[in-house]
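Engineer: Sequence and predicted structure, then a few things I'm wondering about:
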There are 2 protein chains.
Amino acid sequence: MAAKVRAAAEQLGYVPNAAARSLRAGRTHQFAFAVADVGNPVYVAMIRGIESVFSGLGYRLLVHSTGSDTADEVSLIESLGKRYVDGLIIAPIRDNHRLLRALSTAAAPVVVIGNLPDGALVDSVPIDSGAGLRLAAEHLVAGGRQALALVNGPDDTVPGAERLAAFESVVTAAGLAGRSATEQASDFTYAAGLEAARALLLRFRPDAVIGSNDLLALGAIRALAERGWTVPGDVAVAGVDDTDLARMHVPSLTSVSLEAGVRGQIAADMMLSRLAEPDLPPRRHVALPHLVARESSQPPGGGMAPGPAPATVPAPGSAHAG
Amino acid sequence: MAAKVRAAAEQLGYVPNAAARSLRAGRTHQFAFAVADVGNPVYVAMIRGIESVFSGLGYRLLVHSTGSDTADEVSLIESLGKRYVDGLIIAPIRDNHRLLRALSTAAAPVVVIGNLPDGALVDSVPIDSGAGLRLAAEHLVAGGRQALALVNGPDDTVPGAERLAAFESVVTAAGLAGRSATEQASDFTYAAGLEAARALLLRFRPDAVIGSNDLLALGAIRALAERGWTVPGDVAVAGVDDTDLARMHVPSLTSVSLEAGVRGQIAADMMLSRLAEPDLPPRRHVALPHLVARESSQPPGGGMAPGPAPATVPAPGSAHAG
DNA sequence: TTGTAGGCGTTATCAG
DNA sequence: CTGATAACGCCTACAA
């Protein structure tokens, strides 16, 4: 009989109401993901990682763009009380007390993609982004660069502070502290990177520039181009995040992967296991950064510049097809 | 008394349950947005446009990435019967009968960002993307280019078909049909564009390449670089969508804006008015494409190449600051 | 004015 | 094994 009913339901196009189901079951089959800026491809990579876990299981994902505004993030966390989602994955870049307090009293499970102070009672998927920046800086120094510049994000962010400290430690260790410069961009965006790099280049002539993320690095490349300096010929450039942008640029951008996609997956897995066992102690899954060397950091002499000579080069318009 | 209760509720951090509220009110205060590929920045622009309308009004947005798989889209539309959202905004690129049929019987309001066949009973925000491609092609011809190539998306998509037809009409009208070529990429992605452009360049030597969108154009630029051809010196390049990628590249990419952000806003507004008045006849708000000329299409002699000579150029490492 | 009952659509449980 | 019933939490309408 049950089968018969099922068949009839199918025929009539019956679909159970999600709100009623959620009310009854106490589960919405939805998760929220809060990021600073959907325009930054690193978050798109995280979204993909998360969805790769959730989509097959029938969970939906709500994406919130907070602009990394703490008030926004806090109100988002508080609204978990509405139980409109079963959990929240959040990738904050500032760790105010308010945010931490809100996290600790959240009404639903929260997983943080990012670095939390010790003792925070929340699941997290951190990465040592200072170590990541160190990889980039050491790579440039190893390539013979001596006048390093950092276009950093805001100092009052966690990644901003970590990456600035790592940069300074590398140039100091290499004995290049007197020949380096840093500039703080107002944001982790392309526009802010362009502006900061312009300001930097007014007072400093680097032979290598690191952007604290790929967007800042691309802004720097533009600022260098405005002055007629070529990459990597005159100046080597590296970024952080290893987003699609890095592959897509010409010259391709050397960048440090912080495993955005993988960390998204891990965060989603953590969320599911947290739901299954709410009383687990807080877990922390540390990821490891790695360098992806590309064209933008080739040593001056080195020969991986944009492409080999063409094999056969027909004259313009000498052939055609549809 | 009511005030007193309110205050107490506030103090205790009481938050009404969303599921119960939705069940009672019959409204979820959520909308879904379905796109082919969250990795394409043009959809990120649409998301921003939509959120600019919704966020202030307390609506949440669910983003679905369908991979432009019709089966996926159809099942998404059918699942509107669950009433987990108040409406769906969808940006499909293929218009199969199945999709149209599903649209016409959807259980919740749907707004389509894209071009529907005449007579479809759904709100839509179309644009003449053929006219858009025409702008790009005519711009290149006006710049003196004579051997035009098109790296198109799949022919079986609406934008693919429209843009191919527009390209052919322009080259024919300009008397350049015998000196042009087109290649079909398997997808509207960078990787597919790179692959298609490589194949194209094996048999054809263009002096101008149009990508059917910005990602395809960037793939083409990479393929050109592999052969040692410069942009815009040897080959002019133009894209479509005017995404952030176009501004960010060096040289910056000439591109045709299809008003993604604005159309997202319009779609969201339409959704709200549709909710307010469900019995309105289907509406269609047509947007207009416009060309944004940048460095990648400068005429060979023309002087807007990457940046003026620097004003003052300190020697490497000659100054520093933190 | 304040209080209470009913019903939104499901599903689990319990009685027949 | 089938079928009725209660409860999830909220809001509205109506009664006291």
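Structural biologist: Arrived safely, thanks for sending.

Engineer: What's the separation between residue A:182 and residue A:258?
Structural biologist: In this view, residue A:182 and residue A:258 are 20 Å apart by CB to CB, to the nearest Å. Bear in mind the C-beta positions are built from the backbone N, C-alpha and C, glycine included.

Engineer: again, but for residue A:129
Structural biologist: Distance from residue A:129 to residue A:258, by CB to CB: 6 Å.

Engineer: Now the common contact residues for these two.
Structural biologist: Residues touching both residue A:129 and residue A:258 (CB atoms under 8 Å, 6 or more residues apart in numbering or on different chains) are A:240, A:289.

Engineer: if I pick the closest residue to DNA strand D within the stretch 201-322 of chain A, what's in contact with it?
Structural biologist: Distances between the stretch 201-322 of chain A and DNA strand D by CB to the nearest atom of the strand are smallest at residue A:278, namely 16.1 Å. Going by CB under 8 Å, 6+ apart, residue A:278 touches residue A:109.

Engineer: That one in helix, strand or coil?
Structural biologist: Assigned with DSSP: H, G, I helix; E, B strand; the rest coil, residue A:278 falls in the coil class.

Engineer: Scan the helices and strands of chain A for the one with the lowest mean pLDDT.
Structural biologist: Within chain A, no helix or strand scores below helix A:2-12, which has a mean of 55 by mean pLDDT, DSSP states H and E.

Engineer: Going by neighbour count, which residues in the helix or strand following that helix are buried?
Structural biologist: Next in sequence after helix A:2-12, counting helices and strands by DSSP states H and E, comes helix A:18-25. Residues of helix A:18-25 classed as buried by neighbour count (16 or more other CB atoms under 10 Å in any protein chain shown): A:18-19, A:21-23.

Engineer: Same check on stretch A:21-38?
Structural biologist: A:21-23, A:28-38.

Engineer: That one near DNA strand C at all?
Structural biologist: Yes: counting by CB under 7 Å from any atom of the strand, DNA strand C is contacted by stretch A:21-38 at A:21, A:23-25.

Engineer: Quick one: distance of that stretch to the chain centre.
Structural biologist: 22 Å (CA atoms, centre = their mean, to the nearest Å).

Engineer: can that stretch be found next to chain B?
Structural biologist: Yes: applying CB under 8 Å from any CB of the partner chain, one finds stretch A:21-38 in contact with chain B at A:21-23, A:28, A:30, A:38.

Engineer: any chance of those residues in JSON lines, with pLDDT too?
Structural biologist: Formatted as JSON lines, the residues of stretch A:21-38 next to chain B follow (pLDDT from 0 to 100):
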{"residue": "A:21", "pLDDT": "92"}
{"residue": "A:22", "pLDDT": "93"}
{"residue": "A:23", "pLDDT": "90"}
{"residue": "A:28", "pLDDT": "95"}
{"residue": "A:30", "pLDDT": "95"}
{"residue": "A:38", "pLDDT": "93"}
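
Engineer: Quick check: of those residues, which lies closest to residue A:216?
Structural biologist: Set against residue A:216, the nearest of those by CB to CB is residue A:38 (17.5 Å).

Engineer: Show the contacting residues for the closest residue to residue A:108 other than its chain neighbours.
Structural biologist: Distances taken as CB to CB, 6 or more residues apart in numbering or on different chains place residue A:80 nearest to residue A:108, at 4.3 Å, with adjacent residues excluded. By CB under 8 Å, 6+ apart, the contact set of residue A:80 is A:88, A:106-108, A:110.

Engineer: what about the stretch 201-322 of chain A, any weak spots by pLDDT?
Structural biologist: Applying pLDDT under 70 to the stretch 201-322 of chain A flags the ranges A:301-322.

Engineer: from it, which residue is nearest to DNA strand C?
Structural biologist: Taking CB to the nearest atom of the strand, the stretch 201-322 of chain A has residue A:275 as its residue nearest DNA strand C, at 16.2 Å.

Engineer: Report the separation between that residue and residue A:268.
Structural biologist: Distance from residue A:275 to residue A:268, by CB to CB: 11 Å.

Engineer: Which one of those two is surrounded by more residues?
Structural biologist: residue A:268 (27 against 14; other CB atoms under 10 Å in any protein chain shown).

Engineer: Which positions within the host helix or strand of that one qualify as buried?
Structural biologist: Residue A:268 belongs to helix A:260-276 when assigned by DSSP H and E. By neighbour count with 16+ other CB under 10 Å, helix A:260-276 contains the buried residues A:260-272, A:274.

Engineer: which ones are touching the residue positioned nearest the centre of chain A?
Structural biologist: Central residue of chain A (CA atoms, centre = their mean): residue A:42, 3.4 Å from the mean position. When contacts are counted by CB under 8 Å, 6+ apart, residue A:42 touches A:213-214, A:241, A:243, A:258, A:260.

Engineer: Selection in PyMOL covering whichever of these are buried, please.
Structural biologist: Of the contacts of residue A:42, the buried ones can be selected in PyMOL as follows, counting by 16+ other CB under 10 Å:
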select buried, chain A and resi 213+214+241+243+258+260
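
Engineer: which one of the residues of stretch A:21-38 next to DNA strand C is nearest chain B?
Structural biologist: residue A:23 (4.2 Å; CB to the nearest CB).

Engineer: how near is the residue nearest to residue A:108 to DNA strand D?
Structural biologist: 13 Å (CB to the nearest atom of the strand, to the nearest Å).

Engineer: just to revisit the earlier point, name the residues that touch the helix holding residue A:268?
Structural biologist: By CB under 8 Å, 6+ apart, helix A:260-276 touches A:31, A:42-43, A:45-50, A:52-54, A:57, A:86-87, A:89, A:109, A:111, A:113, A:123, A:125, A:127, A:241-243, A:280, A:283, A:285, A:287.

Engineer: buried subset of those residues?
Structural biologist: Buried among the contacts of helix A:260-276 by 16+ other CB under 10 Å: A:31, A:42-43, A:45-50, A:53-54, A:86-87, A:89, A:109, A:111, A:113, A:123, A:125, A:127, A:241-243, A:285, A:287.
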